[in-house]
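Colleague: Quick one, fold the following:
(one chain, ligands or ions: 1)
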Amino acid sequence: MQIFGVDIGGSGIKGAPVDLDRGDLAQERHKVLTPHPATPDGVADGVREVVDHFGWTGPVGLTFPGVVTGGSTIRTAANVDKGWIDTDARALFRERLGGLPVTVVNDADAAGVAEMHFGAGKDRDGTVILLTFGTGIGSAVFIDGELVPNTELGHLELHGHDAEKRASSKAKEDHELSWEHWAHRVQKYLAHVEMLFSPELFIIGGGVSRKAHKFLHHIKDIRAEIVPAQLQNNAGIVGAAMHAAEH
Ligand code: BGC
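Modeller: Residues are numbered from 1 along each chain as shown. I've put the predicted structure just below:
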């Protein structure tokens, strides 16, 4: 079965039809830049452009980079326009996509669900935490394979700062940090999360997962196993489609 998945990020809106049996994209993904400011209207237009690129007319699963309650209502918007807060995102996207059935889920939760089914978290019990490092830091917490949604661990306080402002991959770019320097910050962040949750496994997702060889060896003194995400930057798209299939 195929469902269309869209991953809305701080820098790009990416989508493709997803083959749910294989947990992979059925076609090469299409990407448009996230408008700035990333208002509901501008983002919805971007989503329509991505979906129209494939002439898709079936169900669409979308991710959103903030807290999503009830599969529809946006509660936070750290890296997109604040006009999103309290928006009924499902209604907005459905209207903009000409009435196609849509679902909306937090981006890190979507990536986590995809990794737990098809990637680095497959068959892993206990506490597993996927962290995505991108424009912000997203988190997905699993207990024996079950997601605890909307955990928002990227906003833990680290040395008096919002953790994602110090350790996201955007922070690495903004402050022109070397891989080693940035890895040191990630290590401090992981140590903090480990102190709170004692997970068995950390899965490192987001665009940096492709470059794990550049920084993972600099991360030390963490008891949990640390592995890069296997679906890499497609996890959000696949997870969005899986979420749509379930709902
Ligand atoms: C948001 C999260 C999101 C993460 C990654 C954070 O700023 O609060 O909801 O998962 O960024 O996009």
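
Colleague: secondary structure class for Ile203?
Modeller: strand (DSSP: H, G, I helix; E, B strand; the rest coil).

Colleague: Give me the number of neighbouring residues for it.
Modeller: 29 (other CB atoms under 10 Å). In short, each C-beta sits where N, CA and C put it, glycine included.

Colleague: Please tell me how far it sits from Pro40.
Modeller: 30 Å (CB to CB, to the nearest Å).

Colleague: Val68 now?
Modeller: 13 Å.

Colleague: OK, contacts around Ala171?
Modeller: 164-165, 177, 182, 185 (CB atoms under 8 Å, 6 or more residues apart in numbering).

Colleague: any idea how far it is from Pro59?
Modeller: 36 Å.

Colleague: returning to what we had before: okay, and the common contacts of Val68 and Pro40?
Modeller: Ala89.

Colleague: what about these two, which has more around it?
Modeller: Neighbours per residue, other CB under 10 Å: of Val68 and Pro40, the larger number sits with Val68, 25 against 20.

Colleague: quick one: contacts for that one?
Modeller: 74-75, 89, 104-106, 150.

Colleague: For it, give its distance to Ala171.
Modeller: Val68 is 24 Å from Ala171, by CB to CB.

Colleague: go on, His30?
Modeller: Taken as CB to CB, the span from His30 to Ala171 is 28 Å.

Colleague: pull the helix or strand with minimum mean pLDDT from this protein.
Modeller: strand 157-158 (a mean of 93; mean pLDDT, DSSP states H and E).

Colleague: quick one: it to chain centroid distance?
Modeller: 20 Å (CA atoms, centre = their mean, to the nearest Å).

Colleague: just checking, Asp81 touches Thr39?
Modeller: Yes - in this structure, Asp81 is within contact of Thr39 by CB atoms under 8 Å, at 4.5 Å.

Colleague: follow-up on the earlier one: how about the least confident helix or strand of the chain and the ligand, touching?
Modeller: No - Strand 157-158 stays clear of the ligand (CB under 6 Å from any ligand atom), getting no nearer than 13.8 Å.

Colleague: Just the residues contacting that strand, thanks.
Modeller: 163, 166-167, 188-189, 192.

Colleague: hmm, 10 Å instead?
Modeller: 163-167, 185, 188-189, 191-193 (CB atoms under 10 Å, 6 or more residues apart in numbering).

Colleague: Repeat that for stretch 188-198.
Modeller: Against stretch 188-198 from outside (CB under 10 Å, 6+ apart): 126-129, 131, 133, 137, 139, 141, 143, 151, 153-154, 156-159, 163-164, 166-168, 183, 199, 202, 204, 219-224, 226.

Colleague: Restricting to C-alpha, output that stretch in CSV.
Modeller: Provided in CSV are the C-alpha atoms of stretch 188-198 (Å, rounded to 0.1, in the frame of the first residue of the first chain):
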residue,chain,number,x,y,z
LYS,A,188,26.4,17.2,27.4
TYR,A,189,22.9,17.1,26.2
LEU,A,190,22.7,13.3,25.9
ALA,A,191,24.2,13.0,29.4
HIS,A,192,21.3,15.2,30.7
VAL,A,193,18.7,13.2,28.9
GLU,A,194,20.3,10.0,30.1
MET,A,195,20.3,11.2,33.7
LEU,A,196,16.5,11.8,33.4
PHE,A,197,15.4,8.7,31.5
SER,A,198,18.2,6.0,31.5
